[in-house]
Each structure stands twice: as structure tokens, then as C-alpha cells.
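Asker: Curious how this folds, go ahead:
(chains A and B)
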Protein chains: 2
Amino acid sequence: MKAEILATGDEIRSGALVDSNSAHISQKLEEIGVSVVRHSCVGDDSDILTAILKEIGSRTDICVVTGGLGPTSDDLTSESAAKAVGVELVINKKALSSVENFFKTRKRLFTSSNKKQALLPRGSECLFNPVGSAPGFSLKIDRCLFFFLPGVPPEMRRMLSDKVLPHIEKLQGKTKTYCQNRTIPTFGLTEAAVNEKLTGFPDLFKEMKLGLRANFPVIQVKLYGTGEDENNLNELLNKASEWISHKIGKRIVSVNGSSMERVVGDLLIGKKATIAVAESCTGGLISHLFTNVPGSSVFFLFSGVTYSNKSKIKVLGVSPSTLKKYGAVHEETAKEMAKGAKRISGATYGLSTTGIAGPDGGTESKPVGTVCIGLATPDTVYTHRFHFSSFNRLMNKKIFAMTALDLLRRELLDLSK
Amino acid sequence: MKAEILATGDEIRSGALVDSNSAHISQKLEEIGVSVVRHSCVGDDSDILTAILKEIGSRTDICVVTGGLGPTSDDLTSESAAKAVGVELVINKKALSSVENFFKTRKRLFTSSNKKQALLPRGSECLFNPVGSAPGFSLKIDRCLFFFLPGVPPEMRRMLSDKVLPHIEKLQGKTKTYCQNRTIPTFGLTEAAVNEKLTGFPDLFKEMKLGLRANFPVIQVKLYGTGEDENNLNELLNKASEWISHKIGKRIVSVNGSSMERVVGDLLIGKKATIAVAESCTGGLISHLFTNVPGSSVFFLFSGVTYSNKSKIKVLGVSPSTLKKYGAVHEETAKEMAKGAKRISGATYGLSTTGIAGPDGGTESKPVGTVCIGLATPDTVYTHRFHFSSFNRLMNKKIFAMTALDLLRRELLDLSK
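Answerer: As a prediction, this is how the structure comes out:
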């Protein structure tokens, strides 16, 4: 079964508002095995709306339309749908009592412009709106069954799950198709390099689609599969994930979509270990990432964001002579920072960053993009120096933080060699 | 001149990703007087892509397409454009040298799949990409001029403003119209409340357009103006900004688009003052925001992300009896944290947060969304308690952090009363 989605309204057409409804509807339709072929958006113009309804009606099975069901003069959806079929607008009894009831229970004044909301194309089926005043409706135009929903996201979402999805599932009968997707984040390879490693995929897994997406600095492998048997589909996805995992190796962050910070957190919890951080150039980003994980207080004890040398000395116990001899951006400083964070918090591991995020502050020997990372383990302290080529401050902070987390991940997985 | 926008890619089609590119392109096109008639989105399928390119080519003047220019096998845009015109793909010299140069300057390996990015339909004009590896191109299909851009938002935005908009303005051939916009961030009012305060705007400033944009937890007022005289336009924008500033009062963060953290940083620099932070529930986010400001090492000295009670005691010097008597989430604890951060770093101000970000961990007296904030000034320590109603961890972290920064901003501006 093929579907399209149509968003209406000048706000979306002109870019004043980003359309998030269509993405939500797509996801929900694909989850029940309907394949979404196209999204469209047009403005509040009755001729244009009528034309696109006819166009979609002629080529697809199902269409979900959002917006234009309100009481004002630029709400033109019902009128245009009626024109597309060639019928008139009539007061729909179910719609009228639903609108009246909405105003009565909320003790709001029912005006004639609200009555307009009960005018639906003859032959349409009213869809009850439990959270707003505008009822929706379904109507066949040409060969396609249209579902018209309000554009207000909570109303649309509720009516989609209450009314539209069950209706479509009923239509599908036995030939229900399941759709699933998996996200496999990788870190440390470029998009092109990941692509090259996965060249053999299409020949081996003909039933599946593979996509790559850059979510800097992570490259996500996206797997899409459809099938009529949910168990088979899951098995196939598992096989494909395994194959990808094998091809990419230790650069795979997770096969279930978990973020780097959650993976590291889970590994720490699994080992009953804890972490403390000392951040200079990452400026709190590592802590922010760790503490985005619900329940992170179990493994995350402390971070010292020590921007000034004074705070490196006073809080973390970095020796003034180390700072004098090597400077703030150096493996030796990173080492003492990591040890300091571990010591004062009593954590199992200490992780530190010191570097130059830019856009200014670089020197010839320590250009913008340089970062030194220290990792204090129960037994020893490792240090690393990296150089990334961006001058963008936020991008550098992100790749520094992710590199530090990845070093900890590999240490916890014993992959560091 | 009429335009359409086409987003490509399975991620957007399937709803895994919300398409924000099309809204941005719409806005920019409408700002220069091009009327956008329709947006569409299709997935990574060469036949479907080819068909929709032909369809759009037959009915409109201009089309901006995003996505599918990467190096991987699901990047099918060039191939489909070539098919739509009926020409072959050829190596475009300008595109090739641009891709090669991208890899050379970044010292990255240039692979054969990257070479694919220089294969453009015969007859197309290469559009240089200054921030990424994928070059864009323009090509006439039927009666419509198409601009093909990468889907990565910063690359798309840069190329749109550098290449596409000037090209279209040239085609329009009329006297140049200047378009300017201003962003005025506000904090502490709902979108509806900001809207109400600005009700009189359309009557007073007929030449301008006003929009509101929620960038949680900040509500941005967006001003758009066009005119043939740049100075007049600027003056008008200044007047309008002043009027808005007057209407909204101390909830205005800046009139030049500066973020909260930059405004606070500038105020600190202006007073030759410095800040140290003690974060519990915001988990490093305040530090991350401060250190996103280039040059923040001048005013930002230290943050202790003290998630555990032990680190609150050991690093910040919070008294164990305070923690025992009041608990971690309390004004008294916030007070000692702010004082501690100020004392150990020698900063002029100390700012602290302790609360419950959720989704779990709330109690009846301290539900999820509760935050206590301490602000140590040179003279005294203020404390505040707030409750926000979200259960979303990241949203709570954001609104807690922004509320703390806003308290400091008001203190520095002497607006606290």
C-alpha cells in the first residue's frame, strides 16, 4: 500500500514554520507497513489545493493531509476537497455536535465561524477530535482515500493514532507489511570510508536498504527493511547489523542506535565503575553529554571545567611546574588533570582534555584543533595527542569530546590495542 | 517568478529526519521576491527522482533541490538529473578540482567514491562548496532552472546565499532590493505572551514582517524588511527593534541576535569581572554554553560539575550538615555551591544549580522540574527556587541553565528588582 502526505498552509509554504507533522506521519505509516512515496506542501490557495488533491488522488492509495480545518477564512481544506470530488459542502451532524460539545464543555462562545468547521464535503466520514475544536474527515478522491487532519501537532498526532492508523490497518487485512529501521553509529571514519567498507551490502542483502548520515562527528549507518513476517524481518536486520559490525570493526559505537555517552555509561555500570572528568578545551561538553543519559548519577561523579591555570592547580592539583615547563596544552598536563579528577572524586577512571578549540589561540607547534587527552585507569595513565583541521570552535569541541569518550569506550572494551 | 523546493532522501521521506532545509530556502527565496508554490520530498530512488524532476521542470521557473550529492551509492541526484534531461554524466573539471582540493587541504584520503562527486550531468554549471566536499550544480530541465545543493544544512545555507540567491537576483534583473532581518531573542515569556505584547506592530510598521520562532527555551522575534535604499531600511529596522525592546522590556536578551551566553560574557568583560559555576542538575551545560563563546577564557574561570554529594563537599566545600539537613536540592545547598565556586576560583561571581532534571528522581515536595539556583555576587548571595513542568531531561537542563544565566544577566544589568 502506497501513501503520500500533504501539508497545507502559508506558514509552512513560506518557511515561517518548519513542518514536523509530515515526518511524524511518515514514521507512523511506515511502522505499520505503508510505504510513503512523497511529501508535498502547498499554501492556502483553493485552486492550488484542489489541483494537488486531484493529482494525488489519481496516483496513490492513501493520503494524509494536515492543516486548513480551522474556523477562519484562510482555512480552505474542506472547500477544496469538495471541489476536487465535485460535491457540495454540507453540515455534518456528527461534526456539528462534536464542535458544539467542544465549546460547551470549555464554556467558550460558539460563533458562526465555528459552525463552518462542521461543513464537510458530502459523502465524507467525520473523524472525532478529542483535543481540539476542528473535526477531521476522510473522503475518497479518485482512487485514493484521504484523511484530513488539523495542523496543530498534538491534535494531529492523537487523531492519527486513534482514527487513521487503525482504519488503514483494517484495510490492509492480512497482507500487513512490517517496516523496521536500525541506526548504527560509527566514530572515527569518514562517510566515504564507511561507504567503501560496506560496498558488498546490496548484493548480500537485497531485501534491505542502506543509508549513511553524518551527524557530526558521528557517521550513522541506517538500515531499512520491510517484510510480511515480523520475526523474519528482525532476524534479517540482526544478520545485516552483524555483517556491518564485522566490516567496520571497533569503529562501531553500537548496533542498537545507542549514543557514545550511553554506551560508555552502560559499560561503566556493567563494571560497577565510575568516571570523573577534567575538561579544559571541551568546556563542559563531556559532562553535558554524560549527564544527558538518564540515571547517569550512578556512574558520573564529577567534572572540573578548569579553564584557568589557577583552577587546574587549585582544584585538580596540577603542578605549577608542569604548567610552566610544558604549558596548559600538553600530554603531561592532561595526565595530571586526569589523575586529579580521579583522585579528588574517588572515581574508577579519570578523563581529561586540554587543547585549542579556536578560532584563535593557535601557535605553530600547537595549532587550532590540537587536543591532548589523558585517561587515568585503575592501573595507569594513558595520554594521547590529536590534531583536527577545523577552525570552528563548536565542531572542535564536539570532536575533542567524542574522541575522549571513544578512548574510554575502547579502554573499557579492551579494544585500545 | 515562481519556485518549488524538492528535498530528497530516505531519511526525510521515511520521517527519520525532519526537513528544516525547505523552510529555510522558502524564507530566503520569498525575501528576494520569488514566490514559492510547492515543496516536495521523495526518497533515494532514481526512477521516482527522475520523474519528479521532469514533473517540476514542466511547470515552474526555478527549483532548489537538496540532498543526494554525497559520495555513496544512495546518492542518486546527479544520475537522476542527467536522466531527466537525457544526457550522460561527465567528470566536471571545476567540480573535480574542488573535491580534490577539499581533501588535500584537510589531509584526508581521496578515494574513488569521492571522485563520483565530480560526475555531473553534461551541460551543468558547477556550484562551489566552500564548507564541504560535495559540489553543487545548476542545470536546466525542461523550462525550469534547477539548483542542486547538498542536504547538510550549513553547506546548503552557505551555497544558497553565496551562489543561488545572487544568480536568481541577476535573472530577475530589476533594481536591487535589499533584504535584511534581525533576530531578537527573548527569555521568560511564552510565544503567545510575546505575540500579545507585539499586537500593534503591523499597523505601526507596515513595510515590515514580524515572526516568532521558538528555539526552546528562547522565543525569538524575527524582523524582516525589504527596501531599495539600504540606509533607510537599516533605520527602519532600528526603529522597529527599539519599539519591540520597549514593549517586551527586560525579557529582551539582545537586539542584535546575540545569545544569552554571549550577552552575559560581554557584560562580565565590560565590568572586568569573572565567573565560576557549580553545576549539579545542569551537568555541564552552563559551562558548555559559556565556552562556546570565542575568547571566553577572559571571563570564565571554572565550573565544578558536582553530581555526587562527595564532590560537592570535597571540591566546593559544601558542608555535610547542610546536605544532611536540607538535601542536595535546596536553596541552602545552592548558596554554598555558588559561594564555593566563587571562593576556590577567585571569580567575581559564582553561579550554581541543583535540581531534578528527570525523567525520574522526583518526590512530592521536590518534583521533576524543580531547580534551586544560587548567585554569589561580590556583596551577597541570592538564591531562587523554580519549578518547570516538563519531564524531558534535556529540556529541563536547557531551561534550568538559561534561567541561571538570565539571573546573572539581570544582576549585571541591575534589572533584578
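
Asker: how close does the residue sitting furthest away from the middle of chain A get to chain B?
Answerer: Distance from the C-alpha centroid of chain A peaks at residue A:321, with 46.4 Å (Cα atoms, centre = their mean). To chain B, residue A:321 is 21 Å away according to Cβ to the nearest Cβ, to the nearest Å. Where C-beta positions appear, they are placed from N, C-alpha and C, glycine not excepted.

Asker: SS state for the closest residue to residue A:100 other than its chain neighbours?
Answerer: Among residues not flanking residue A:100 along the chain, residue A:110 sits closest, at 6.1 Å (Cβ to Cβ, 6 or more residues apart in numbering or on different chains). Secondary structure for residue A:110, judged by DSSP: H, G, I helix; E, B strand; the rest coil, is coil.

Asker: what does the helix or strand harbouring the residue farthest from the centre of chain A rub up against?
Answerer: Secondary structure from DSSP states H and E places residue A:321 in helix A:320-326. Taking contacts as Cβ atoms under 8 Å, 6 or more residues apart in numbering or on different chains, the residues outside helix A:320-326 that touch it are A:309, A:312-313, A:330, A:332-333, A:336.

Asker: If we use 7 Å, what do you get?
Answerer: Applying Cβ atoms under 7 Å, 6 or more residues apart in numbering or on different chains, the contact partners of helix A:320-326 are A:309, A:312-313, A:332-333, A:336.

Asker: How about stretch A:165-185?
Answerer: Contacts of stretch A:165-185 (Cβ under 7 Å, 6+ apart): A:1, A:28, A:30-34, A:62, A:218, A:220-228, A:230, A:233-234, A:237, A:241, A:244, A:252-255, A:257, A:259, B:16.

Asker: Now, the residues you listed that are in strands?
Answerer: Residues of the contacts of stretch A:165-185 located in strands (DSSP state E): A:62, A:218, A:220-227.

Asker: Can you tell me which of those has the most neighbours?
Answerer: When neighbours are counted by other Cβ atoms under 10 Å in any protein chain shown, residue A:221 leads the ones in strands among the contacts of stretch A:165-185 with 26 neighbours.

Asker: With respect to chain B, which of the contacts of helix A:320-326 is nearest?
Answerer: Ranked by distance to chain B (Cβ to the nearest Cβ), these are led by residue A:312 at 9.1 Å.

Asker: That closest one looks like it's in a helix, true?
Answerer: Yes. Applying three-state DSSP, one finds residue A:312 inside a helix.

Asker: so who does it touch?
Answerer: A:306, A:318, A:323, A:337.

Asker: could I get those residues as JSON lines with pLDDT?
Answerer: Converted to JSON lines, those look like this (pLDDT from 0 to 100):
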{"residue": "A:306", "pLDDT": "95"}
{"residue": "A:318", "pLDDT": "97"}
{"residue": "A:323", "pLDDT": "96"}
{"residue": "A:337", "pLDDT": "98"}
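
Asker: from these, which ones fall inside helices?
Answerer: Among these, the members falling in helices (DSSP state H) are A:323, A:337.
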